[in-house]
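>>> Sequence plus predicted model, see below.
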Amino acid sequence: MKTVRFGGIDFINSFPLVKTAPIQSIPVKLYRDSPSMLYEKLLGNELDAAMIPTFSMLTGPVSNISGEYVIGSDGPVMTVCLYCRSALKDGMNIALDAKSRTSVHMLKILLKMKGYHNINYESLSYDQIRHRTDLDAFLLIGDDTFNPNMPPYSFKTDVGQLWKDMVGIPFVYAVTAARETDTLNTVNIFLKNNYDRFSNNKHTWLDKWSSETGLDYGTLDKYLTKSIIHKMNPGSIETGVRTFQKYCVKYGMLKEEKAFQIQV
């Protein structure tokens, strides 16, 4: 049987899906990288399947996605945060984390829904953001949000919670995608086994990852078991992705809605 080259996200949020002990009988070889790089490698046929940003899936040729395994949230996500010097208002200069595409468009949608149509955006790395004194606000995603030396901005908004408050449904940040359904079926088995091993022995894994990452056990527990959703039902995934897509089209971030297939 052909070995599937699978790309898993190299962020803490994906640990329960990709960082438990592999089962040798499943023909999957795991590669880990940032979501944007995984998407590029999937497009370049360097990978057969990958966890990719939802927005990237909606703009490209890959249309088969898992109906179970995602990176999502239904309320606070903890690692997609907007930091502001003052209350939000039109005319602000907001830096956008260069690592993100989906969360960037998510924030733009929410600010447009709030009536802000004159925001100045700039894409920057976290290191660049830290050294800029002219920014009114910045969006940060991923593991950098756990950095204790965050610039001293007065207001912090969890964008996952803001989406839940304004739209009322879970948000899907990354999907597991492949061109071929057979490939995706194999990857689903791989992810199920990893997730089941985490679920059956959470304390051991959280303790191990706490030591590896330097995050305290309580924070990691809250993040990986209460904030991040790794397994959703197909209906919630479809609703979440289609709703995001509709808003992207409405606000000119996508030209048209794309058809995609949910595989369980």
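That came through, no problem.

>>> Start and end of stretch 111-119, how far apart?
9 Å (Cα to Cα, to the nearest Å).

>>> Residue 100 contacts residue 141, doesn't it?
Yes: between residue 100 and residue 141 there is a contact under Cβ atoms under 8 Å: 4.5 Å. From N, CA and C alone the C-beta is placed, and that goes for glycine too.

>>> okay, and the helix or strand of this structure with the least pLDDT?
Taking mean pLDDT, DSSP states H and E as the measure, the chain has helix 126-130 as its least confident helix or strand, at a mean of 90.

>>> Run through who's touching that helix.
Residues from elsewhere that reach helix 126-130, judged by Cβ atoms under 8 Å, 6 or more residues apart in numbering: 95, 97, 135, 138, 140, 144, 147, 151.

>>> Break this protein into its domains for me.
Per automatic domain parsing, the domain ranges recorded for the chain read 4-72+171-263, 80-167.

>>> Switch the ones you listed over to TSV; also include mean neighbour count.
Output for the domains of the chain, formatted as TSV (neighbours: other Cβ atoms under 10 Å):
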stretch	mean neighbour count
domain 4-72+171-263	19
domain 80-167	17
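
>>> Distance across stretch 50-59, terminal residue to terminal residue?
First-to-last residue span, stretch 50-59, Cα to Cα: 15 Å.

>>> Please state the offset of the least confident helix or strand of the chain from the chain centre?
20 Å (Cα atoms, centre = their mean, to the nearest Å).

>>> helix or strand right after it?
Proceeding N to C from helix 126-130, the next assigned helix or strand is strand 137-141, under DSSP states H and E.

>>> That next one pairs with which strands, and in what direction?
strand 80-84 (antiparallel), strand 93-97 (parallel) (DSSP bridges).

>>> so how far is residue 54 from residue 238?
12 Å (Cβ to Cβ, to the nearest Å).

>>> Also residue 40?
16 Å.

>>> can you check residue 215 too?
25 Å.

>>> Wait, residue 215 touches residue 146, no?
Yes: Residue 215 lies in contact with residue 146 (Cβ under 8 Å); the separation is 6.0 Å.

>>> which residues are in contact with both of those two?
residue 12.

>>> In the chain, which residue is most central in space?
With distances taken as Cα atoms, centre = their mean, the residue of the chain nearest its centroid is residue 173 (3.5 Å).

>>> neighbouring contacts of the host helix or strand of that one?
Assigned by DSSP H and E, residue 173 belongs to strand 171-178. Outside of strand 171-178, the residues within contact range by Cβ under 8 Å, 6+ apart are 9, 35, 42, 48-54, 57, 62-66, 69-74, 77, 80, 102-103, 106, 160, 163-164, 184, 187-188, 191, 232, 237, 240-241, 244.

>>> Inside helices: which ones of the residues you listed?
Among these, the members found in helices (DSSP state H) are 35, 42, 54, 57, 102-103, 106, 160, 163-164, 184, 187-188, 191, 237, 240-241, 244.

>>> Quick check: the nearest residue to residue 147 once chain neighbours are set aside vs residue 43, distance?
In space, and not counting its chain neighbours, residue 147 is closest to residue 126: 8.0 Å by Cβ to Cβ, 6 or more residues apart in numbering. Distance of residue 126 to residue 43, computed by Cβ to Cβ: 25 Å.

>>> Residue 109: what secondary structure?
With DSSP: H, G, I helix; E, B strand; the rest coil as the basis, residue 109 sits in helix.
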